[in-house]
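Asks: Curious how this folds, go ahead:
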Amino acid sequence: MDIKSLQLRINELNAKAKPHYKLYSQEEKEILTKTIKLNEEVGELCNDILSVLKLQRKSKLDKFDKRNFYEEFADVIITTMQLAAVARVDIERALNDKLLKIEHRYNKDH
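Replies: Presented below is the predicted three-dimensional model:
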């Protein structure tokens, strides 16, 4: 298959599966924006993890500052909490519920 054929097939699939977009509310826009921002922050953290492990290319390793590594963890946590607030998720309840679930699973397996 060549690139042109692939593009045609993808265009056909897109036409069949095209979602019907509506105007988003301000709250929905905020959730979408925070979700994208969270993915950006996770990507930056991943880049720093690669640097800590010396798996980045030399040009990135030369610019790497370990202080940024700590900041990227904070950015992920802060952005996650911002997203939770916009989505009206009680982060304390979510964490407690999840920890109980993990503990239950761990106790069941051991």
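
Asks: okay, now the nearest residue to residue 60 once chain neighbours are set aside: neighbour count?
Replies: Nearest in space to residue 60, with sequence neighbours left out and distances taken as C-beta to C-beta, 6 or more residues apart in numbering, is residue 51 at 6.3 Å. All C-beta spots, glycine's among them, are computed from the backbone N, C-alpha and C. By the other C-beta atoms under 10 Å criterion, the neighbourhood of residue 51 contains 20 residues.

Asks: Need the three-state assignment for residue 51.
Replies: Going by DSSP: H, G, I helix; E, B strand; the rest coil, the secondary structure assigned to residue 51 is helix.

Asks: Show the model's pLDDT score for it.
Replies: Looking at residue 51, its pLDDT is 94.

Asks: Now for it: which residues touch it?
Replies: Under the criterion of C-beta atoms under 8 Å, 6 or more residues apart in numbering, the contact partners of residue 51 comprise 60, 61, 64, 69.

Asks: I appreciate the help and will end here.
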